[in-house]
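Enquirer: below is the structure, and that's it, no one-letter string:
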């Protein structure tokens, strides 16, 4: 590990001594600052909320935007606790698990399991919890700063998932793991590259949606579960949720399958709406009007 990355790791270890509630307080302040600056993150978030909660008036939209920005700040600051304290200490913050029997049954079937984990709540803690239950591989794109990869391996420790690059060889590896009864994790709301997705409704508007997950499910017969770690109030910890996939997710018709996938993501979001990463530009796509264009750019 590079010396500068090692110093960052030591700094994380030191900050992790702070209570989670204090770290969440710092994150909330960060979120409010970003809202006050009204930069790209706040703008894109506001545009998404106007789509997802179109029935709210301006005052309610503004209140929801504040709440979402605060939760977004917490999602950053809590990583200090999750990464800096180590996996086992982080798992001590899990207060409740809902739907664990679904995962136990899927693992016992031996048919393979696909965990669809949206950008919701504390996904790093979810990774720890899942990797304690079963060896897992995740599809990922390497960080732009190569040294960060070494830091992630260090902080995740023994409960790190196997990382598979999001390329042709990586996809073939996923098929093999599932065929052997293994578990893989995928971000179901990751916007695919041009030519690799299908438009399907997401909170009432068409969004480019990945086809990889439905194809994996259809071709392997693996069980698909949606999962996330909900942030509990006042820094009191987290609740793990596991939900069944909606009917039709493994349909050969990709329109039906991707619509089901987005419904599953929505089902998760509705349980902790403000904790979703609403700054993602889900509704932008080449050749289609973008709701994120700013008049002041």
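Expert: Thanks, I have the structure now. The structure displayed is predicted, hence computed values, not measured ones. Numbering: from 1, shown residues only.
Enquirer: A strand includes residue 137, no?
Expert: Yes - inclusion of residue 137 in a strand is indicated when DSSP: H, G, I helix; E, B strand; the rest coil is applied.
Enquirer: residues contacting it?
Expert: 161, 162, 163, 164, 173, 174, 177, 182, 183, 184, 185 (Cβ atoms under 8 Å, 6 or more residues apart in numbering). Placement of C-beta: from N, CA and C, glycine included.
Enquirer: which stretches of the stretch 51-200 of the chain have low pLDDT?
Expert: 142-151 (pLDDT under 70).
Enquirer: just the helices in it please.
Expert: Applying DSSP state H, counting those that start in this stretch to the stretch 51-200 of the chain gives helices spanning 58-84, 87-91, 100-109, 123-133, 146-156, 168-179.
Enquirer: follow-up on the earlier one: which of the contacts of residue 137 fall within strands?
Expert: 162, 163, 164, 183, 184, 185 (DSSP state E).
Enquirer: follow-up on the earlier one: could you dump the contacts of residue 137 to CSV with distance to residue 196 and neighbour count?
Expert: Putting the contacts of residue 137 into CSV (distance: Cβ to Cβ, whole Å; neighbours: other Cβ atoms under 10 Å) gives the following:
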residue, distance to residue 196, neighbour count
161, 23, 20
162, 23, 14
163, 20, 17
164, 17, 19
173, 17, 18
174, 15, 25
177, 21, 21
182, 23, 20
183, 23, 25
184, 18, 25
185, 19, 25
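Enquirer: re the thing from before, a markdown table for the ones in strands among the contacts of residue 137, including distance to residue 227?
Expert: Output for those, formatted as a markdown table (distance: Cβ to Cβ, whole Å):
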| residue | distance to residue 227 |
| --- | --- |
| 162 | 17 |
| 163 | 18 |
| 164 | 18 |
| 183 | 11 |
| 184 | 12 |
| 185 | 8 |
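Enquirer: just these now: which is nearest residue 123?
Expert: Within the ones in strands among the contacts of residue 137, proximity to residue 123 (Cβ to Cβ) peaks at residue 185, which comes in at 9.3 Å.
Enquirer: pick the most deeply packed of the helices of the stretch 51-200 of the chain.
Expert: Highest mean neighbour count of these: helix 123-133, a mean of 21 (counted as mean count of other Cβ atoms under 10 Å).
Enquirer: residue 292: neighbour count?
Expert: 15 (other Cβ atoms under 10 Å).
Enquirer: circling back: ok, the contacts of residue 137 vs residue 69, which is closest?
Expert: Nearest to residue 69 among the contacts of residue 137, with distances taken as Cβ to Cβ, is residue 185, at 27.1 Å.
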